[in-house]
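J.: This is the structure alone, sequence omitted:
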Ligand SMILES: [Zn+2]
């Protein structure tokens, strides 16, 4: 009896040490982060808290001071939580390539597109051709008030379809407080033209269209190629609002098409916040959590096919 008690005590100690010790991070199951950035779309001072909604509210974390600090803290968090792959986008090609060179194999890199006229289509084709880029987006044209079905975005969809790479798009009701941002340009129904015209496009939508649930469910039912991420909403809105949305998506049967993303921007602490938000959702089974944190992204990215 006494031995059993001691053994139980020892196993609790072992469990606790594994939980707390980052050295043992590799013993955690793998995670794929489908939404990462080198920087943020807003110019904020170092140390500024992460954005939060709705106002008035208090943001968490402290903005990193430079892309170098952001890279090292992001990699630290990736190691700690055993994030084996991140879908990383940025508007500055040089900085994006620097991250990818600093940590080969850790990132799928893709250009951030806000003003569609900013990027040379020839250069993008070249980057896709040599597999320097393995994705397109985040397409953040909504930050400029441009809707997803705007003809200006057509060449991006066409190239992504031709090269068979995933595309992340910001199509939802919320976004950074920029004067050009328009919630109305983020209605998921606006994706229909794109999905009809590009049936082979591997598109995934930031925050699964939050808070436009009905329109997003309609799109995901009609177009099985469409996936959604659970990224900024894991930490930027009240947890109760996130769980309410996630619960409804699960009840709609979409649990195999949702993928975790941190959207950490300049706040690498948000990587852990986002993961905990998924792990602490008591209405999800362990299998559903693994699907969101890893399995669905493996399927969407066709990682198994590559061996
Ligand atoms: Zn983003």
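T.: On my side now, so go ahead. Quick caveat, the model's predicted, so the values are computed rather than measured.
J.: secondary structure class for whichever residue of the stretch 1-150 of the chain sits closest to the ion?
T.: At 4.6 Å from the ion, residue 138 is the closest residue in the stretch 1-150 of the chain, using Cβ to the ion. Heads up, the C-betas are built off the backbone N, CA and C, glycines and all. Look at residue 138: counting by DSSP: H, G, I helix; E, B strand; the rest coil, its state is strand.
J.: who's in contact with it?
T.: 35, 37, 89, 110, 112-113, 168-170, 206 (Cβ atoms under 8 Å, 6 or more residues apart in numbering).
J.: Just the closest of these to residue 83, please.
T.: When these are ranked by distance to residue 83 (Cβ to Cβ), residue 35 comes first, at 11.6 Å.
J.: ok, that closest one to residue 200 distance?
T.: Remark: distance between residue 35 and residue 200 (Cβ to Cβ, to the nearest Å) = 22 Å.
J.: who's more crowded, those two?
T.: Each of residue 35 and residue 200 has its neighbours counted (other Cβ atoms under 10 Å); residue 35 has more, 28 against 9.
J.: so who does that one touch?
T.: Contacts for residue 35 (Cβ under 8 Å, 6+ apart) come out as 87, 138, 168, 206, 229, 231-232, 261-263.
J.: Go again with 7 Å.
T.: Contacts for residue 35 (Cβ atoms under 7 Å, 6 or more residues apart in numbering) come out as 87, 168, 206, 229, 231, 261-263.
J.: Can I get those residues in a markdown table including secondary structure and neighbour count?
T.: A markdown table is the format used below for these (DSSP: H, G, I helix; E, B strand; the rest coil; neighbours: other Cβ atoms under 10 Å):
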| residue | secondary structure | neighbour count |
| --- | --- | --- |
| 87 | strand | 27 |
| 168 | strand | 25 |
| 206 | helix | 29 |
| 229 | strand | 28 |
| 231 | coil | 26 |
| 261 | coil | 27 |
| 262 | coil | 32 |
| 263 | coil | 27 |
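J.: near the ion, which of the residues you listed show up?
T.: Among the contacts of residue 35, the ones lying close to the ion by the criterion of Cβ under 5 Å from the ion are residue 263.
J.: which pair in the contacts of residue 35 spans the largest distance?
T.: Using Cβ to Cβ, the contacts of residue 35 reach their maximum pairwise distance at 168 and 262, which is 12.9 Å.
J.: The contacts of residue 138 in strands, which ones?
T.: The strands, defined by DSSP state E, take in 35, 37, 89, 110, 168-169 from the contacts of residue 138.
J.: picking up where we left off before, need the contacts of residue 138 in TSV (columns: distance to residue 185 and pLDDT).
T.: Supplementary listing: those in TSV, determined by distance: Cβ to Cβ, whole Å; pLDDT from 0 to 100:
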residue	distance to residue 185	pLDDT
35	19	98
37	20	98
89	19	98
110	21	98
112	17	97
113	14	96
168	16	98
169	11	98
170	10	98
206	13	98
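J.: I figured residue 99 was touching residue 86, is that so?
T.: No - the pair residue 99 / residue 86 is not scored as a contact, 9.4 Å apart, by Cβ atoms under 7 Å.
J.: State the distance from the residue positioned nearest the centre of the chain to residue 234.
T.: By Cα atoms, centre = their mean, the chain has its centre lying nearest to residue 35, at 2.2 Å. The spacing between residue 35 and residue 234, counted by Cβ to Cβ, is 10 Å.
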